[in-house]
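Asks: Sequence and predicted structure below; questions after.
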Amino acid sequence: MSNTQTGVSFNDMALPSAVLEQLNAMQFLTPTPIQLQAIPALLDGQDVLGEAQTGTGKTAAFGLPALAKIDASVKQTQVLVVTPTRELAIQVAEALEGFAAKMRGVGVATVYGGAPFGPQVKALKQGTAIVVGTPGRLIDLLNKNVLQLDGLKVGVLDEADEMLNMGFIEDIETILKAVPSTAQRALFSATMPNAIRKLAKTFLKDPLNIQIEAVAREKATIKQKAWKVQGMTKMTALTRLLEVTPYQRALIFVRTRQDTMDVAELLQRNGFKAAPLSGDLNQAQREQTVSQLRSGHIEILVGTDVVARGLDVPEITHVINYDLPSDTESYVHRIGRTGRAGRSGEAILFFRAKERHLLRHYERLTNAPVEFFDVPNANELSKYRQQQLLEKLQASLVPETASADKPKLEKLLGQWLEQSELSAEEIALALLAQHNEQRPLFLKEDRPVREARNERPGRNERSERGDKRKPRAERTTSRAADVDFETYKIQVGREHGARPGDIVGAIANEASMDSKYIGQIQLFDNHSLVQLPKGMPKDIMHVLKKARVRQQPMGLELSDEQVKRAPRPPRDRDARGGPKRNSGKGAARRFN
């Protein structure tokens, strides 16, 4: 919690003595701007509409005055907090439990999907005073008459705009209709789209509207950098960037659940301590993953906007936008995962040329510049690895850092020099060669991979319809000169509705490959053949194997078949030997 100097302390507010005692024990002395305005209003019984981003202290802003309303002798739900995700529900519940640690008889129940009903139902039936939950599970419990809101005193919506983005608006309306008219209500949101303002107007009574500057914190602590996707694939760029960046913990944002697993797997294969944070994990697995991140057993999390919402790990020093978000507000939430607890952080963006305009929006939204940088090329990374190895070797010779086995190693080296014909230089070269095999010190020159272009399908692509047509090779783009192609097979064909343009688009975008390096494509009913440059890197092969065309995994693999161009049928000739022309508006065009 920020200790912004406002001249007012929590002790100046009419909070219960047990709460103040706990705040003093936690070294929370000075309220943040949102707390300074929201706590007195809520203590006075006024509804509150708060516009402030994640990390500004909203949980205490509504949680501390809510605790003041609770009668511990009454065993029923008195405070309800609705959050968009399980992670945020757990985070809010933990914070409220901490604030209420010295209040006897005040418990917190956390209810969310993906966890067994039993323990949650038991906690509610015991009359737990505070309930924190996600919309879906709360509605389930309301429908089962397990969650009783008759005695509710405070109802809170946290991260309301995110609930809107996730499609929970109808669920929220259902929950708010179940809140007694006598209950006090508070709504907090990072942004105020029209739908949220309408919700507030419907369910809040003459609320105090609090607006906190959205970007002051980010501007002060987070440096923003951007790399234009060109010269190498995004995955290659990511591994190089992580290798040369001194991060403590890193959070990588991708677009889909499948991407979280694909990127995390590739990072693991490259020696990074990475794990996916996706909706496919059950709650126990998700909690364990976040716990491992905090402890350092995992150093990199790969997640989507939804599952990483509410993630609060102060050790996260870098946020990498592997895929840019669909809206600028999500970008602010993403970079808010770093630079927390007064620490500095770094937000890195991978962008394509067509996305460059978004950078200006990010700068305006955060009131801070986005700096451009280059990912190391193969030669630069080779020099970096060579220098790192040299420094590591030099450090091992310094007396205070030298190995305890140094005398034994010196003796062993002497024995080798006496017993073999090898010189010290030859032994050193052999050891360097072994290291070079494990981690190359001389990387191959980068392949000519450039940003993928979105091209309109040509005439042949637009005409690929139906399943009865004869297989033929289609040229979809201008082909690069002096490229040695190999034939690959993918498990997608006409029966899946695939067209050459779909295949080109998927390969070009997923592999960040210029379309002129994609050769002939031949469609069959259940599969297709495509020509790609010889010696495709393993990481690109792995990405393309799982990439989808028409919702069907490609399953890319080398093929012994060859792409064959079907001969064009002869054109009909008229009696004079010239081409026979079709007549009439309905004349059919031939493409085979």
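Replies: Arrived safely, thanks for sending. Numbers count the residues shown, from 1 in each chain.

Asks: The closest residue to residue 298 other than its chain neighbours: how many residues sit nearby?
Replies: Closest residue to residue 298 apart from its sequence neighbours, by Cβ to Cβ, 6 or more residues apart in numbering: residue 292 at 4.3 Å. Every C-beta, even on glycine, is put in place using the N, C-alpha and C of the backbone. By other Cβ atoms under 10 Å, 15 other residues sit near residue 292.

Asks: which residues are in contact with the helix or strand hosting residue 292?
Replies: Using DSSP states H and E, residue 292 maps to helix 283-295. If you take Cβ atoms under 8 Å, 6 or more residues apart in numbering as the criterion, helix 283-295 is touched by 86-87, 90, 112, 114-115, 249, 275, 277, 281, 298-299, 301, 307, 311, 313, 315.

Asks: filter those residues to the buried ones?
Replies: Those of the contacts of helix 283-295 that meet the buried threshold are 86-87, 90, 112, 115, 249, 275, 277, 281, 298-299, 301, 307, 311, 313, 315, by 16 or more other Cβ atoms under 10 Å.

Asks: Quick check: residue 358 touching residue 324?
Replies: Yes - with contact defined as Cβ atoms under 8 Å, residue 358 counts as touching residue 324 (6.1 Å).

Asks: list residues touching both of these two?
Replies: Joint contacts of residue 358 and residue 324 (Cβ under 8 Å, 6+ apart) are residue 351.

Asks: While we're on residue 406, how confident is the model there?
Replies: Per-residue pLDDT puts residue 406 at 79.

Asks: Can you report how many residues neighbour residue 168?
Replies: Count around residue 168 with other Cβ under 10 Å applied: 21.

Asks: contacting residues for the closest residue to it other than its chain neighbours?
Replies: Once flanking residues are discounted, residue 168 sits nearest to residue 135: 4.6 Å by Cβ to Cβ, 6+ apart. Residue 135 is in contact with 82, 84, 163, 168, 171, 172, 175, counting by Cβ under 8 Å, 6+ apart.

Asks: Quick one, which of those residues are buried?
Replies: Here, 16+ other Cβ under 10 Å leaves 82, 84, 163, 168, 171, 172, 175 buried among the contacts of residue 135.

Asks: what's the distance between the third one and residue 75?
Replies: Separation of residue 163 from residue 75 (Cβ to Cβ, to the nearest Å): 29 Å.

Asks: For residue 562, give me phi and psi.
Replies: Residue 562 adopts backbone torsions of phi -120, psi 140, taken as degrees, to the nearest 10.

Asks: from memory it sits against residue 487, does it?
Replies: Yes - here residue 562 reaches residue 487: they are 5.7 Å apart, a contact under Cβ under 8 Å.

Asks: Quick check: neighbours shared by the two?
Replies: Residues touching both residue 562 and residue 487 by Cβ under 8 Å, 6+ apart: residue 529.

Asks: Between those two, which is the more surrounded one?
Replies: residue 487 (17 against 11).

Asks: dump the residue contacts of the closest residue to that one other than its chain neighbours.
Replies: Closest residue in space to residue 487, ignoring its immediate chain neighbours: residue 559 at 5.0 Å, by Cβ to Cβ, 6+ apart. Neighbour list for residue 559: 487, 488, 489, 529 [criterion: Cβ under 8 Å, 6+ apart].

Asks: burial measure for the second one, as a count.
Replies: Same thing as residue 488. 22.

Asks: My reading is that it is in a strand; is that accurate?
Replies: Yes - counting by DSSP: H, G, I helix; E, B strand; the rest coil, residue 488 is part of a strand.
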